[in-house]
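Colleague: output the structure for:
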Amino acid sequence: MMPVIDAGVGISQKRCSFSDYLNAFRQFHVLRMVAMQTRQSTDTVLDELVYFQRQATTRGFGGFPNAIVASVDLFCPTEIAELVKLDSLENLRGIHHSLAEQTHDSNRADLERSLNILAENELCLDLFTTQGCDEAVAQMAAFQPTLNIIVNISVAEDDQVQHTARRLSRLAEFDNVYLKICGVDSSIADGYPLLKMLIDDATKQFGIERIMFASGMGQLSSEGAFDHLWTQYAEACSSLKASYRDRLFRSNAMSVYGL
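Modeller: Numbers count the residues shown, from 1 in each chain. From the prediction side, this is the model:
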């Protein structure tokens with residue numbers, strides 16, 4: 001079974017509790033969970049992180065989330081430094097940031113300081129990127145080669161998948177860049193062929209050891225949607241040998257996030 005690595009799901013104590021989220025699974029048994037904190041204002045981040053950590057030690061939640069990825073501005077190293085000082089957030093494994101093309105050059109000094117803080121504290125960086133950001137990600141990977149950088153991608157439409165496949169070659173040059181495949185957009189009636197295409201292209205360029213799957217529940221709103229996505233993942237990987245499937249579904253994520 002795979003850890004559930006959420007890409008912008010939006011779990012929140014006020015909007016979508018862990019109880020509501022876990023109840024969305026019908027046929028799938030969750031063994032581990034890496035919870036991505038929903039993007040929000042800086043004055044509510046800490047309160048939500050405390051909620052995440054509290055759930056991990058509350059009876060009946062199975063130790064979920066086993067790892068927390070906080071929503072923090074990558075260009076605010078002071079906030080990141082304050083966060084890593086908190087002993088109460090023992091499940092903190094990294095931060096996530098939405099990298100837009102127009103912002104990645106805004107302050108190089110602050111960016112480099114943030115990358116150093118993350119690397120020094122053995123935290124990872126999850127990135128949601130837009131077109132045109134690949135070179136910025138490559139520069140981050142080259143600047144701090146000990147920092148694990150996870151790029152989140154999902155299947156949206158045919159031309160996007162083909163464009164993504166072309167993008168992968170640049171990011172695949174760096175051993176510390178990982179690819180997290182986050183499911184299929186709910187607007188696509190039959191996303192399996194596109195998902196299979198993306199997985200095949202990714203494994204060819206990144207190698208089996210630097211790819212992982214996420215639940216993508218932020219894009220899968222209907223009941224039983226994750227069970228359907230799980231089936232698509234399994235079918236797309238059915239021709240791979242067992243040790244490769246284990247990496248994609250489980251061990252790569254557990255290694256990167258320290259589960």
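
Colleague: K241: neighbouring residues, count only.
Modeller: 9 (other Cβ atoms under 10 Å). Quick note: C-beta positions are derived from backbone N, CA and C, even for glycine.

Colleague: okay, I188: pLDDT?
Modeller: We note a pLDDT of 68 for I188 in this prediction.

Colleague: for V256, same thing?
Modeller: In this model, V256 carries a pLDDT of 90.

Colleague: again with D105
Modeller: D105 is given a pLDDT of 56.

Colleague: same thing with G8?
Modeller: So G8 comes in at 52 (pLDDT).

Colleague: wait, isn't I68 in contact with A35?
Modeller: Yes. Using Cβ atoms under 8 Å, I68 is in contact with A35, at 5.6 Å.

Colleague: report the set of residues contacting both of the two.
Modeller: With contacts taken as Cβ atoms under 8 Å, 6 or more residues apart in numbering, I68 and A35 have F52 as neighbours in common.

Colleague: tell me if L179 really is in a strand.
Modeller: Yes. Membership of L179 in a strand is supported by DSSP: H, G, I helix; E, B strand; the rest coil.

Colleague: can you pull the contacts of it?
Modeller: 150-151, 153, 168, 171, 202, 206, 210-212.

Colleague: if I look at the residue lying closest to it once chain neighbours are set aside, how far off is L240?
Modeller: Among residues not flanking L179 along the chain, I211 sits closest, at 5.0 Å (Cβ to Cβ, 6 or more residues apart in numbering). Distance of I211 to L240, computed by Cβ to Cβ, to the nearest Å: 11 Å.

Colleague: between those two, tell me which one has more neighbours.
Modeller: Higher neighbour count among I211 and L240: I211, with 21 against 15, using other Cβ under 10 Å.

Colleague: I figured the more buried one was touching N252, is that so?
Modeller: Yes. Contact between I211 and N252 holds when scored by Cβ under 8 Å: they sit 6.6 Å apart.

Colleague: any residues in contact with both of those two?
Modeller: Y178.

Colleague: what are the buried residues along stretch 44-55?
Modeller: For stretch 44-55, burial by neighbour count (16 or more other Cβ atoms under 10 Å) applies to 45-46, 48-49, 51-53, 55.

Colleague: and stretch 196-211, by the same measure?
Modeller: 196-199, 201-203, 205-206, 208, 210-211.

Colleague: just the closest of these to C124, please.
Modeller: Closest approach to C124 among the buried residues of stretch 196-211 (Cβ to Cβ): R210, at 12.8 Å.

Colleague: still on that earlier bit, overlap in contacts, I211 and L240.
Modeller: Joint contacts of I211 and L240 (Cβ under 8 Å, 6+ apart) are L248.
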